[in-house]
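# Sharing a model prediction with you, sequence too.
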Amino acid sequence: MTQALMTSLGARDVLSRFTLFHTRDLDEARSRVADVFCPHELTFAGRGGEVDTRMQHARIRGVSINRLGYGATVSIDAGCLNDFLLVMMPLAGHAEVRCGAQQIHATPELASVVTPTLPLTKTIYDQCDQIMVKIDRSLLENVCAQHLGHALRKPLEFGLGLPMSSQGGVSWQALVSYVVSEFEHRSPTLASSLAAVQIEHLLVTTLLMVQPSNYRDELLNPSQSIAPRHVRRVEEYIDANADQDLTVGDLAAHANVSTSALFAGFREFRNTTPMAYLKSVRMQRVHEELRDPTSAEKTVTCIATHWGFHHLGHFAIAYKARFGESPSRTREKALA
């Protein structure tokens, strides 16, 4: 990447006015990085016993651009990131990155895309200087669902390696370079809420289109998502009435079609069933409410049952499979 990215970033101190901290203390480095990302284990993996850690952080709505170098060889065990995706792009140096069952040797020619629901471990070598793009998971999933035309049936999972010389890699680094330049030049564009939404959306959409994932084939073939009007009408009805006691008969009646036609439409154009779609929407609503600090007075049980989940054991298993953590853990983080 990176000669192009390095050239566009220009000066060695790029993003320096967004510096969060500079420390030679390992514990402080761990704590300050965790404030931006998530709690993690950080240990020395090479010779020497001192870090020289610098971090810059610039945020635009649900996306942040970060620059991080540890100045020592360190090992990191972050577990599952859960709430965000991370694209890590070395400007110099290298790192060993493992996410789930995938492992790559990250260099300026090969970035890594870390899936939120898969465990992350990495060894970052002392000369490694990285640009790290953090994208909120809820933003990522919402944009993906908008492009698909339906709620996600399973969590997004990405391929780990992103070659910077590929067509997608070139597009991605050009976009990141543009955003960094806007921050560097204090562009008034970033002060516009309308423009900020568009930039945020463009970053997420570009990543969804260029990086292999379990949804990319469907995203790149929109004809698969152009469902008949009755399917889209039922989806809209479910989205607006997910907290109501809905049956397949109710949904078919609303769309003025038979239940068999409704099942056939969802099976052919959405690869799911009407009730599975309803359950998926309800699960997303539970997740959103658990993450909302304003609903602190409500218990997990109260929220789950409001959205139609009355068998709490089955609900907890399905919730963890989709979001990578228990409902109570989501609530704890929202209230922290």
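It's in.

# ends of stretch 116-126, how far apart?
For stretch 116-126, the first-to-last residue distance is 25 Å (CA to CA, to the nearest Å).

# quick one: contacts of it?
The contact list for stretch 116-126 (CB atoms under 8 Å, 6 or more residues apart in numbering) reads 45-46, 70-86, 93-100, 114, 130, 137, 140, 155-157, 323-324. Just so you know, the C-beta spots here come from the backbone N, C-alpha and C atoms, and that holds for glycine as well.

# now stretch 28-42
With CB under 8 Å, 6+ apart, stretch 28-42 has contacts from 20-21, 23, 26, 51, 53, 55, 57, 64, 66, 68, 70, 74-79, 81-84, 86, 134.

# which residues of the stretch 51-200 of the chain fall in helices?
Shown for the stretch 51-200 of the chain, the helices assigned by DSSP state H, counting those that start in this stretch span residues 137-148, 167-184, 193-210.

# Tell me the buried residues in the second one?
The neighbour-count check on helix 167-184 (16 or more other CB atoms under 10 Å) flags 168-170, 172-173, 175-177, 179-180, 182-184 as buried.

# now, among those, which is nearest to residue 214?
Each of these was scored against residue 214 by CB to CB, and residue 168 proved nearest at 16.5 Å.

# quick one: that closest one and residue 113, what's the gap?
11 Å (CB to CB, to the nearest Å).

# Chain neighbours aside, what residue packs nearest to the residue of the chain positioned farthest from its centre?
Residue farthest from the centre of the chain, counting by CA atoms, centre = their mean, is residue 258 at 38.0 Å. Setting aside the residues directly before and after it, residue 258 is nearest to residue 252 in space (CB to CB, 6 or more residues apart in numbering), at 6.2 Å.

# I figured the one you found hits residue 266, correct?
No. Using CB atoms under 8 Å as the test, residue 252 is too far from residue 266 to be in contact (10.9 Å).

# out of these two, which sits in the busier spot?
residue 266 (23 against 19; other CB atoms under 10 Å).

# Report the buried residues of the helix or strand containing the more buried one.
Using DSSP states H and E, residue 266 falls within helix 259-270. Buried residues in helix 259-270, counting neighbours by 16+ other CB under 10 Å, are found at 262, 263, 265, 266, 269, 270.

# what residues are shared contacts of residue 168 and residue 113?
Common neighbours of residue 168 and residue 113, using CB under 8 Å, 6+ apart, are 162, 211.

# Where does the residue nearest to residue 258 fall, secondary structure wise?
Remark: residue 252 resides in helix 248-255, with elements defined by DSSP H and E.

# quick one, phi psi at residue 324?
phi 80, psi 10 (degrees, to the nearest 10).

# no no, residue 186
Dihedral angles (degrees, to the nearest 10) for residue 186: phi 50, psi 50.

# what separates it from residue 116, distance-wise?
Separation of residue 186 from residue 116 (CB to CB) stands at 31 Å.

# More neighbours: those two, which one.
Ranked by neighbour count (other CB under 10 Å), residue 186 and residue 116 place residue 116 first, with 25 against 10.

# so how far is the helix holding residue 266 off the chain centroid?
Its chain's C-alpha centre and that of helix 259-270 lie 30 Å apart, by CA atoms, centre = their mean, to the nearest Å.

# tell me the angle it makes with helix 248-255.
Interaxial angle, helix 259-270 versus helix 248-255 (axes from the mean of the first three to the mean of the last three CA atoms, to 10 degrees): 80 degrees.

# what angle separates helix 259-270 from helix 137-148?
Helix 259-270 and helix 137-148 are oriented at 110 degrees to each other (the same axes, to 10 degrees).

# can you offset everything so residue one is 53?
Okay, residue one is now 53; in that scheme the one you just asked about reads as helix 311-322.
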